[in-house]
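Trainee: This is a predicted model, with the sequence first.
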Amino acid sequence: MDKLILTGGARLEGCVQPSGSKNGALAIMAGALLAKGETILRNVPAIADVRTMIEVMRGLGVKCELESGGVLRIDATEIPFTETSYELVRTMRASFCVLGPVLARRGYAKVAMPGGCDIGARPIDFHVKGIQTLGAHVVIDHGFVEAQCDHLKGTQIYLNFPSAGATQHLMTIACLSDGLTTIHNAAAEPEVFELANFLRKLGARISGAGTTTIRISGVDELRGTDYSVPFDRMEAGTFAVAASITRGDVRIENIVPEHVESFCLKLREAGAIVDVSSNDMRVRCHERPLATDIMTMPYPGFPTDLQQPFAALLTVADGTSIVTENVYERRFRYVSELQRMGANIKQEGRNAIITGIPNLTGAQTTASDLRAGAALVCAALAAEGKSEITGVEHIRRGYDNMVPKLRALGAQIELVSTETEREPVFV
């Protein structure tokens, strides 16, 4: 079993550049299935979830090759197969979103029920109801979702919750539907806006992305393009927490400031000095952090994917903080692991009450999901002594080369692997 070994206490200093967005890349890859001809994606992160999505697409018979330098070539001119592998889709929720593009292109698709990190209920109801509203017949049976249609027709769709995944999925299907589709109460996440930009480059007609009302006028055909995946705002936020918890000084380059605005506001409340320019931010923290409350919300609120790393920062803050999770009810599974490091933290329903202590202590811990792993890494960077983190496969899902990036900032961290050979995903 692989594990990370960290010796805490080093002050992080220097510059770091986040890789391409995990959530953005996966949605854009699914969207590329709509296009005939070759699509070239750049700045694609070398993470496990991208490699899983590549295998899902290859299973559909689509040409998909990841080259050095984060260049991914996709040719979906032909989609010979319409059913995905259960073994692949069950490991990653985002792969479920190939259902819509395959349905739109072939008139039929069968995809396994999605899996991924166990952080709580993430129902596909919004996806299914939207697909049905567009005119498809959907059957859910024996762990698979099967959809078929003779003709997809534009319609009015209202989402009971502004789900980014459902918004992206339905937006892709609507691109090849007949007529106008309007998605009401749509998610406004930057990844939704970027997907819309990508689809427009394919030839789609989309307006309103980034607001709560998105309109898509269907077209007959989309063609491949060349597109660069934006930076990962969750990775940027993780490095900002790592800088703050170690009382370091780190410049995070190549970002879009407005995409991390709510997070930066809370980081400042916690005592960090955050200077933001047009495309980077410098995070410094010279004193013990301050307690503050956070509440996760859909964008532009505080992102749920940064709740766990930020909670790690609050475990060493001066005072008592309350963390409220409004998106995924099981996103507090990391609490017991931070307690092993001495954190004074307890869960009460959707709240975690954290009374900060001066120092954490190194311990053996296990990452239960992707962002829990990031939280444990941040905590271990500041803890006294040595920490070991297992469950590395979760961290590999979303962080590209985390170990060398942290080492370059001065962290004492290494990956210990029991395997003699490994594809270079997270080393």
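Mentor: Yep, that arrived.

Trainee: end-to-end on stretch 109-125?
Mentor: For stretch 109-125, the first-to-last residue distance is 17 Å (C-alpha to C-alpha, to the nearest Å).

Trainee: what is the rounded mean pLDDT of it?
Mentor: Stretch 109-125 comes out with an average pLDDT of 69.

Trainee: Which stretches in the stretch 151-300 of the chain count as strands?
Mentor: With DSSP state E, counting those that start in this stretch, the ranges of strands along the stretch 151-300 of the chain come out as 156-158, 180-184, 205-207, 213-217, 222-223, 226-228, 249-253, 273-276, 280-284, 294-295.

Trainee: need the ones you listed in a markdown table with distance to Leu370, can you?
Mentor: C-beta here means a position set from N, CA and C on the backbone, and glycine is covered the same way. Shown next, in a markdown table, are these (distance: least, C-beta to C-beta, whole Å):
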| stretch | distance to Leu370 |
| --- | --- |
| strand 156-158 | 29 |
| strand 180-184 | 27 |
| strand 205-207 | 29 |
| strand 213-217 | 27 |
| strand 222-223 | 31 |
| strand 226-228 | 23 |
| strand 249-253 | 19 |
| strand 273-276 | 24 |
| strand 280-284 | 22 |
| strand 294-295 | 19 |
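
Trainee: Output those in JSON lines; the columns should cover mean pLDDT.
Mentor: Shown next, in JSON lines, are the strands of the stretch 151-300 of the chain (pLDDT from 0 to 100):
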{"stretch": "strand 156-158", "mean pLDDT": "98"}
{"stretch": "strand 180-184", "mean pLDDT": "98"}
{"stretch": "strand 205-207", "mean pLDDT": "98"}
{"stretch": "strand 213-217", "mean pLDDT": "98"}
{"stretch": "strand 222-223", "mean pLDDT": "98"}
{"stretch": "strand 226-228", "mean pLDDT": "98"}
{"stretch": "strand 249-253", "mean pLDDT": "98"}
{"stretch": "strand 273-276", "mean pLDDT": "97"}
{"stretch": "strand 280-284", "mean pLDDT": "97"}
{"stretch": "strand 294-295", "mean pLDDT": "97"}
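
Trainee: what about the ones you listed, which gets the closest to Thr315?
Mentor: With respect to Thr315, and counting by C-beta to C-beta, the nearest of the strands of the stretch 151-300 of the chain is strand 294-295 at 13.1 Å.

Trainee: List the strands paired with that closest one, with their directions.
Mentor: Note on strand 294-295: by DSSP bridges, its sheet partners are strand 320-324 (parallel).

Trainee: The stretch 51-200 of the chain: helices as residue ranges?
Mentor: Taking DSSP state H, counting those that start in this stretch as the test, the helices found in the stretch 51-200 of the chain are 86-89, 99-106, 125-133, 164-175, 190-202.

Trainee: Ok, which of those comes nearest Ile345?
Mentor: helix 164-175 (27.8 Å).

Trainee: With Thr84 as the reference, measure out to the closest residue to Tyr108 other than its chain neighbours.
Mentor: Once flanking residues are discounted, Tyr108 sits nearest to Gln148: 4.5 Å by C-beta to C-beta, 6 or more residues apart in numbering. Distance, Gln148 to Thr84, by C-beta to C-beta, to the nearest Å: 15 Å.

Trainee: just Gly237 next, same as before
Mentor: Per C-beta to C-beta, Gly237 is found 31 Å from Thr84.

Trainee: so Arg73 makes contact with Lys63?
Mentor: Yes. Counting by C-beta atoms under 8 Å, Arg73 does reach Lys63; the two are 7.4 Å apart.

Trainee: Could you check which of Gln148 and Thr84 has the larger neighbour count?
Mentor: A count of neighbours by other C-beta atoms under 10 Å puts Thr84 above the other of Gln148 and Thr84, at 24 against 15.
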